[in-house]
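Asker: Sequence and computational prediction follow.
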Amino acid sequence: MSKLIHAMIRVLDEQRSVAFYEQAFGLRVVDRLPFDTFTLVYLGNPESDFELELTINTGRTEPYNIGDGYGHLALSVADLEAEHSRLTDAGLAPRKIVNFAPAGSVIATFFFIADPDGYQIEVLQRGGRYL
């Protein structure tokens, strides 16, 4: 049986990205592996064993083209409205809260926020399949 352990995204500015993920989601650096041409930074928190791996390519100055294949990362929170307010107050510009009810019944309540490199992150109200 396999187990998901991390997702990787390439970021331009390590300090800016680490600060965003810590402020927005409480993710902290759990490991940092510097190499000659790149650095890997693993972010996590006690809520989950799953980690976010940031890859920072040495000398890169141009923003990454996220392209049309990337979708989003997703996190769940216990109090979506409180998190939305906190992120708004922090100046991180979360988008509006949405109730997703394609067949009339709400199956998810969420909002999106972008990280400093433009990666989209879905923040879901914890419950149902979104624990």
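Answerer: Looks like it arrived, so ask away. Numbers count the residues shown, from 1 in each chain.

Asker: in the protein, which spans are strands?
Answerer: Ranges of strands in the chain, per DSSP state E, are 6-10, 28-34, 38-45, 48-57, 73-77, 98-100, 108-114, 120-125.

Asker: which one of the ones you listed lies closest to residue 88?
Answerer: Minimum separation from residue 88 across the strands of the chain (C-beta to C-beta) falls at strand 108-114, 9.8 Å. Glycine gets a C-beta too; all of them are placed from N, C-alpha and C.

Asker: Pull out the buried residues from the closest one.
Answerer: 108-111, 113 (16 or more other C-beta atoms under 10 Å).

Asker: now, the most widely separated pair of these?
Answerer: It's 108 and 113 that sit farthest apart of the buried residues of strand 108-114, by C-beta to C-beta, at 15.6 Å.

Asker: what's the neighbour count on residue 93?
Answerer: 9 (other C-beta atoms under 10 Å).

Asker: For the remainder of this discussion, apply numbering that starts at 5.
Answerer: Let's use 5 as the start, then, which means that last one is residue 97.

Asker: In contact with it: list those residues for me.
Answerer: For residue 97, the contacting residues are 91, 117-118, by C-beta atoms under 8 Å, 6 or more residues apart in numbering.

Asker: before we move on, what about residue 88?
Answerer: 98, 101, 115, 127.

Asker: what's the closest of those residues to residue 8?
Answerer: So of the contacts of residue 88, ranked by how close each gets to residue 8 (C-beta to C-beta), first place is residue 127, at 18.9 Å.
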